[in-house]
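Visitor: Sequence first, then the predicted structure:
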There are 2 protein chains.
Amino acid sequence: MGEKGLLIVVSGPSGAGKGTVCQEYLNSNSETFLSVSMTTRLPRRGEIDGVDYYFTDIDSFKGLVDEGGFLEYARVYDNYYGTPKNIVRENLLKGKDVLLEIDIQGALQVKERFEEGVFIFIVPPTMEELKNRIVGRGTETAEELLKRFKSSYEELNFITRYNYLVVNDNVKDASDRIKSIIIAEKCRVDRNKNFYRRLREGVCDDISFFG
Amino acid sequence: MGEKGLLIVVSGPSGAGKGTVCQEYLNSNSETFLSVSMTTRLPRRGEIDGVDYYFTDIDSFKGLVDEGGFLEYARVYDNYYGTPKNIVRENLLKGKDVLLEIDIQGALQVKERFEEGVFIFIVPPTMEELKNRIVGRGTETAEELLKRFKSSYEELNFITRYNYLVVNDNVKDASDRIKSIIIAEKCRVDRNKNFYRRLREGVCDDISFFG
């Protein structure tokens, strides 16, 4: 079943913990390929090309944009960030699932170009909990926190554009739910047309068996 | 999440092993309610009312048909068989999942009346395997076997009316896939509108926290 891999797009509001959930998922599903973004910003200390990002220059990035080489991209201040299409496609064709942990704007772009992806929205169990998590980071002023919280709140509006909503009440449970979603998606009838065709074709020589 | 239970409709061609898979599922998911059919045929030795079937008479059965009291029903020779709607609904409202193991014609009737059900089609891994299973029963003549096999083959045409296709290569694995499907379905955004609404409403009193 499911000859091709699945593109799993995980996003959610700031503070919902999508990064931790994705890491947990990758730890227990090591055959899943994590998509790495390409960026024009300079590497920070310790960042490795091809692991943290693919680092490139603006001209190459724009060239790739013109070729339609990104599943999504965005400019953030003076830097570009994007998801190169080729590496995702190669892995999917090899039968590997590809995980894309990405912000909401990026996810919506991917959805336009790759509708057959599985779009998962990670949410906190309550807004109270989201607040605690945002405060827990402890690196920001009250104003910054409020801004972040309001922005997360606004982002909840995009839930309806996703296929699945996964509550991150507990990282392990949330990761297990994603696993179930992937197993289920691979059982979807519309993803198994080839299997179904082969099953029916397999009968032709057999039917004489009984006669 | 998922306040209401799910109606899980499992069917598939004769010989695919849907009965065994459903039994395995119920054994490991004891909180799931198995729907029991109602019939006008007489109880056979050892059959228990309310367990194997709800036994009733033709007038009562037809009365219930007229009231729209069945999710599906059929006449087989001189007897009627059907799935009473009330018991299913009561359990779903209590938050219980309800499993309906049913033939394809019945499943298609249920789909017309209860679109939000989860429709699962159990298939053998190959038609060769289906043949072996049908022959393995050893109670029928070659002609009867051929007829049964051809009928199973025709039934494969209905796969496309289902949401999920579960290959019964191994009973435990097939049952686990159904479990994943149920978990995934409960994460579907369109099944969680209430959760999402509550999550957004929960914010109103909180936002002053930061200021």
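Guide: Ah, there it is. Source: prediction; values computed, not measured.

Visitor: Against B:Lys179, how distant is A:Pro124?
Guide: Here A:Pro124 is placed at a distance of 25 Å from B:Lys179 (Cβ to Cβ, to the nearest Å). From N, CA and C alone the C-beta is placed, and that goes for glycine too.

Visitor: the more surrounded of these two?
Guide: A:Pro124 (24 against 17; other Cβ atoms under 10 Å in any protein chain shown).

Visitor: And the more buried one, what's its pLDDT?
Guide: At A:Pro124, the model reports a pLDDT of 91.

Visitor: Do you know the pLDDT at the closest residue to it other than its chain neighbours?
Guide: Spatial nearest neighbour of A:Pro124, excluding adjacent residues (Cβ to Cβ, 6 or more residues apart in numbering or on different chains): A:Leu130 at 4.0 Å. On pLDDT, A:Leu130 comes in at 83.

Visitor: Also A:Val203?
Guide: 55.

Visitor: again with A:Val36
Guide: 95.

Visitor: Likewise for A:Cys22?
Guide: Looking at A:Cys22, its pLDDT is 97.

Visitor: what ranges do the helices span in chain A?
Guide: Secondary structure of chain A (DSSP state H): helices at A:18-28, A:58-66, A:85-93, A:104-113, A:127-136, A:142-155, A:171-187, A:193-201.

Visitor: pLDDT at the residue lying closest to A:Phe158 once chain neighbours are set aside, what is it?
Guide: Nearest in space to A:Phe158, with sequence neighbours left out and distances taken as Cβ to Cβ, 6+ apart, is A:Ile104 at 5.1 Å. For A:Ile104, the model assigns a pLDDT of 93.

Visitor: A:Ile104: what's it in contact with?
Guide: Contacts for A:Ile104 (Cβ atoms under 8 Å, 6 or more residues apart in numbering or on different chains) come out as A:11-13, A:155, A:158.

Visitor: Next: A:Leu42.
Guide: With contact taken as Cβ under 8 Å, 6+ apart, A:Leu42 is in contact with A:Phe55.

Visitor: Comparing the helices of chain A, which comes out most buried?
Guide: helix A:171-187 (a mean of 21; mean count of other Cβ atoms under 10 Å in any protein chain shown).

Visitor: helices or strands next to that helix in the packing?
Guide: strand A:7-11, helix A:18-28, strand A:118-123, strand A:164-167, strand B:164-167, helix B:171-187 (3 or more Cβ pairs under 8 Å, 6 or more residues apart in numbering or on different chains; DSSP states H and E).

Visitor: closest one to B:Asp66 among the ones you listed?
Guide: Across those, B:Asp66 has its closest neighbour in helix B:171-187 (32.8 Å, Cβ to Cβ).

Visitor: chain center to that closest one: distance?
Guide: Its chain's average C-alpha position is 13 Å from that of helix B:171-187, according to Cα atoms, centre = their mean, to the nearest Å.

Visitor: Could you do stretch A:87-104 as well?
Guide: 8 Å.

Visitor: go on, stretch A:75-94?
Guide: Distance, stretch centre to chain centre, for stretch A:75-94: 12 Å (Cα atoms, centre = their mean).

Visitor: Ok, stretch A:42-49 next?
Guide: Per Cα atoms, centre = their mean, the centroid offset for stretch A:42-49 relative to its chain is 22 Å.

Visitor: okay if I get the helices of chain A as a markdown table plus distance to B:Asn192?
Guide: Formatted as a markdown table, those follow (distance: least, Cβ to Cβ, whole Å):
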| stretch | distance to B:Asn192 |
| --- | --- |
| helix A:18-28 | 17 |
| helix A:58-66 | 36 |
| helix A:85-93 | 28 |
| helix A:104-113 | 17 |
| helix A:127-136 | 16 |
| helix A:142-155 | 16 |
| helix A:171-187 | 12 |
| helix A:193-201 | 29 |
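
Visitor: among these, which is nearest B:Val88?
Guide: Among the helices of chain A, helix A:171-187 comes nearest to B:Val88, with 22.3 Å by Cβ to Cβ.

Visitor: Check the average confidence over the closest one, would you?
Guide: Here the average pLDDT along helix A:171-187 is 97.

Visitor: and if you look at stretch A:192-200?
Guide: 85.

Visitor: could I get the helices and strands packed on helix A:171-187 as CSV with distance to A:Asp66?
Guide: Putting the helices and strands packed on helix A:171-187 into CSV (distance: least, Cβ to Cβ, whole Å) gives the following:
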stretch, distance to A:Asp66
strand A:7-11, 23
helix A:18-28, 30
strand A:118-123, 27
strand A:164-167, 34
strand B:164-167, 41
helix B:171-187, 38
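
Visitor: Ok, which of these comes nearest A:Lys96?
Guide: strand A:7-11 (10.3 Å).

Visitor: the domain parsing of chain A - what is it?
Guide: A:1-32+A:97-200, A:36-95 (automatic domain parsing).

Visitor: Would you mind giving those domains as a markdown table with distance to B:Phe149 added?
Guide: Shown next, in a markdown table, are the domains of chain A (distance: least, Cβ to Cβ, whole Å):
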| stretch | distance to B:Phe149 |
| --- | --- |
| domain A:1-32+A:97-200 | 13 |
| domain A:36-95 | 32 |
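
Visitor: Okay, A:Ala74 and chain B: tell me how far apart.
Guide: 24 Å (Cβ to the nearest Cβ, to the nearest Å).

Visitor: isn't that residue right up against A:Gly82?
Guide: Yes: in terms of Cβ atoms under 8 Å, A:Ala74 counts as a neighbour of A:Gly82; the distance is 7.2 Å.

Visitor: Between those two, point out the one with more neighbours.
Guide: Under the criterion of other Cβ under 10 Å, the comparison of A:Ala74 against A:Gly82 puts A:Gly82 first, with 23 against 15.
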